[in-house]
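need coordinates for the following:
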Amino acid sequence: MSDVPNGHPEDFEVYPSSRAAVEDFTAALERLRQILKPADAKTHARPGEAYEDFIIRLALNASSNNAVLYRKNDSAEETKIQAWLSMVSEKSKLEFLSRAIPRFQGLSHEQLREIALISLQPDRVSTLIDHLAGAYGVILVVEPGFKAMKMDGCTFKLSQGTPVIGITIRYNRYDNFWFTLMHELAHISLHYDQLDQPILDDFDVSVDSDIEIEANIIAKKSLVSTEDWRHIWNARTDKRQFLLYCERANVHPAIAAGMLRHQAKNYKLYPELVQVMNLREAFGFIDD
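Purely as a prediction, here's the structure:
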């Protein structure tokens, strides 16, 4: 590989080399300009990168990665999701090239529980990127979604086989972040052979597919065992008992409270517990 300015691999951004590629690039560029405005580039652009350069980079990535959803008949939501996926893909490749990532050897349920226990220490959340890469061969990319984008996370694998997780920090809540992370890790554990194409997750939409149900079950069990969850659920209206069972179960109260609120469809439960920290800030993003 030849030297490239600013450490960006040359095969991430290639100019269209055929008429068809030029047409795809032009279509992507036009669509992105329509959907993404200068304000959208504030969080996602590289330091010092102008809006137009940002849009061109996304269009180049889209055309070189054969993204087909930048068509005129696609919704703004699909365009935003594909743009976000392009950025996650680009960052994951940079991560793969910039650090020594061990070969992925699978993820057992015991290893998922080990990862989930890190949630007991909120100050360790920013170490997850290094930890998942070094200990498990999994790349985690935290990339906020575009405004009003309906997406919590995704998972896919690079051509080398390295699994990648993308998280949008959609609600900037501790429970949402950890459930998303464990859900995507469950996909990697259970559905690794199906990750040649990204699995996209929007937890505001009820789904009945087998792989999503399986990932939900394993994500929940990784965070709290079925037996412990019964105790927590039965104590849901008694805060003292609730906190006691959370401690016994080794589950952070914010995560258990989030699960309670979701299952009971009662978002008045424990609002004081779910706001643990500013995750966007912890991962280096500044809110507008």
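
list the buried residues for stretch 155-166?
By neighbour count on 16 or more other CB atoms under 10 Å, the buried set for stretch 155-166 is 155-158, 162-166. The way it works is simple: take the backbone N, C-alpha and C, and place the C-beta from them, glycine included.

quick one: which of those is nearest Leu223?
Using CB to CB, Ile165 is the member of the buried residues of stretch 155-166 that lies nearest Leu223, at 15.9 Å.

parallel or antiparallel, which strands does the helix or strand harbouring the closest one pair with?
Taking DSSP states H and E as the definition, one finds Ile165 inside strand 163-167. Strand 163-167 has its sheet partners listed here by DSSP bridges as strand 139-142 (parallel), strand 153-157 (antiparallel).

longest helix anywhere in the protein?
Counting by DSSP state H, the longest helix found in the chain is helix 76-98.

could you list every helix and strand in contact with the following helix or strand past that one?
Using DSSP H and E, the next helix or strand after helix 76-98 towards the C-terminus is helix 109-116. Under the contact definition 3 or more CB pairs under 8 Å, 6 or more residues apart in numbering; DSSP states H and E, helix 109-116 sits against helix 128-136, helix 174-191, helix 210-223.

just want the angle from the last one to helix 109-116.
When axes from the mean of the first three to the mean of the last three CA atoms, to 10 degrees is applied, the directions of helix 210-223 and helix 109-116 differ by 60 degrees.

and helix 210-223, average pLDDT?
Regarding helix 210-223, the rounded mean pLDDT is 96.

on that earlier part again, ok, and what's touching the strand holding Ile165?
By CB atoms under 8 Å, 6 or more residues apart in numbering, the residues outside strand 163-167 that reach it are 84-85, 88-89, 92, 104, 132, 137-143, 152-158, 177, 180-181, 184-185, 188, 192, 195.

avg pLDDT for that strand?
98.

export it as PDB, just CAs?
Provided in PDB are the C-alpha atoms of strand 163-167 (Å, rounded to 0.1, in the frame of the first residue of the first chain):
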ATOM      1  CA  PRO A 163     -17.100  -8.800  13.100                       C
ATOM      2  CA  VAL A 164     -18.100  -5.100  13.500                       C
ATOM      3  CA  ILE A 165     -20.800  -3.500  15.700                       C
ATOM      4  CA  GLY A 166     -22.100   0.000  15.000                       C
ATOM      5  CA  ILE A 167     -24.000   1.900  17.700                       C
END
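
any stretches of the stretch 151-288 of the chain with poor pLDDT?
Low-confidence segments of the stretch 151-288 of the chain (pLDDT under 70): 287-288.

hmm, try it at 80
Filtered on pLDDT under 80, the stretch 151-288 of the chain yields the residue ranges 207, 286-288.

Leu185 touches Arg113, doesn't it?
No: look at Leu185 against Arg113 with CB atoms under 8 Å: they stay out of range, at 10.6 Å.

so these two - more neighbours on which side?
Leu185 (26 against 16; other CB atoms under 10 Å).

for Glu77, see how far away that one is.
Using CB to CB, to the nearest Å, one gets 26 Å for the distance from Leu185 to Glu77.

equivalent analysis for Ser189, please.
29 Å.

okay, the two: which has more neighbours?
Set Ser189 next to Glu77 and count neighbours by other CB under 10 Å: Ser189 wins out with 21 against 16.

Tyr136 versus the residue lying closest to the more buried one once chain neighbours are set aside, what's the distance?
The spatial neighbour of Ser189 that comes closest, neighbours along the chain excluded (CB to CB, 6 or more residues apart in numbering), is Leu107 at 4.0 Å. For Leu107, the distance to Tyr136 equals 6 Å [CB to CB].
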